[in-house]
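Peer 1: Sequence and computational prediction follow.
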Amino acid sequence: ISSITATECSMTGNVVPGTDMTGDVAIHMTKTNGDTPGPGPNSEDFPANTMWEFAFDTTIVDDSIPIPVSANMIFGLDFVSTTNCDLSIHYMVSAMGMTLADSVMTIPATYTYNTAAAEGALTFISPDGEDDDTLPFLYHSSDNTIIIDVPEEFFDDDDDEGGSGAPNMPTHWVFQRVR
């Protein structure tokens, strides 16, 4: 760490964070608006205008691939209004220190939220309107997290012959508030 204040931090190193890649790395971070997401709902419209993230790393070993493949994923929930939400999925796949895929996709959703029960439901909107999926979520005020327990069948791919469409996917997602 080169410098750190209440609103900024600079650091240097020789490994790109989250990868095995080496080189000269310099990172400078600035706290936005000087705000820290406070605990709990901050308006009558909660969770509107809040953003949450869940990240995980996994290694995929498949008999058809002779080397292990690493996958790093960040799921973002952006409650853009009192009824609409976007789920963004940023995934990076690498093997032997090389990036094989680095992509972001956004899935639109609607949501409902019951403040008294601290629970809600996300409904993901499919392009054809026929395969909408709904996932319930819970808000935990004690640690300011949103929890989604995803059933394994949520990952099933209709085109996959009896297998899961997403190996090694966690089914318990704990989202931390970032805004």
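Peer 2: It's in.
Peer 1: burial count for the closest residue to R179 other than its chain neighbours?
Peer 2: Once flanking residues are discounted, R179 sits nearest to M51: 4.0 Å by C-beta to C-beta, 6 or more residues apart in numbering. C-beta: built from backbone N, CA, C; applies to glycine. By the criterion of other C-beta atoms under 10 Å, M51 has 18 neighbours.
Peer 1: what element comes up after whichever helix or strand M51 is part of heading to the C-terminus?
Peer 2: Taking DSSP states H and E as the criterion, M51 maps to strand 50-60. Per DSSP H and E, the first helix or strand lying C-terminal to strand 50-60 is strand 69-79.
Peer 1: Tell me the strands beside the next helix-or-strand element following that next one, with direction?
Peer 2: Proceeding C-terminally, strand 69-79 gives way to strand 84-95 as the next helix or strand, assigned by DSSP H and E. Applying DSSP bridges to the sheet, strand 84-95 is found paired with strand 69-79 (antiparallel), strand 98-114 (antiparallel).
Peer 1: Quick one: work out the angle between the shortest one and strand 50-60.
Peer 2: This means strand 69-79. 170 degrees (axes from the mean of the first three to the mean of the last three C-alpha atoms, to 10 degrees).
Peer 1: Report the buried residues of strand 69-79.
Peer 2: 69-73, 75-79 (16 or more other C-beta atoms under 10 Å).
Peer 1: Report the central residue of the chain.
Peer 2: The residue lying closest to the centre of the chain (C-alpha atoms, centre = their mean) is F75, at 1.4 Å.
Peer 1: Would you reformat the strands paired with strand 84-95 as JSON lines and include mean pLDDT and distance to F137?
Peer 2: As requested, those are exported to JSON lines (pLDDT from 0 to 100; distance: least, C-beta to C-beta, whole Å):
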{"stretch": "strand 69-79", "mean pLDDT": "92", "distance to F137": "8"}
{"stretch": "strand 98-114", "mean pLDDT": "92", "distance to F137": "8"}
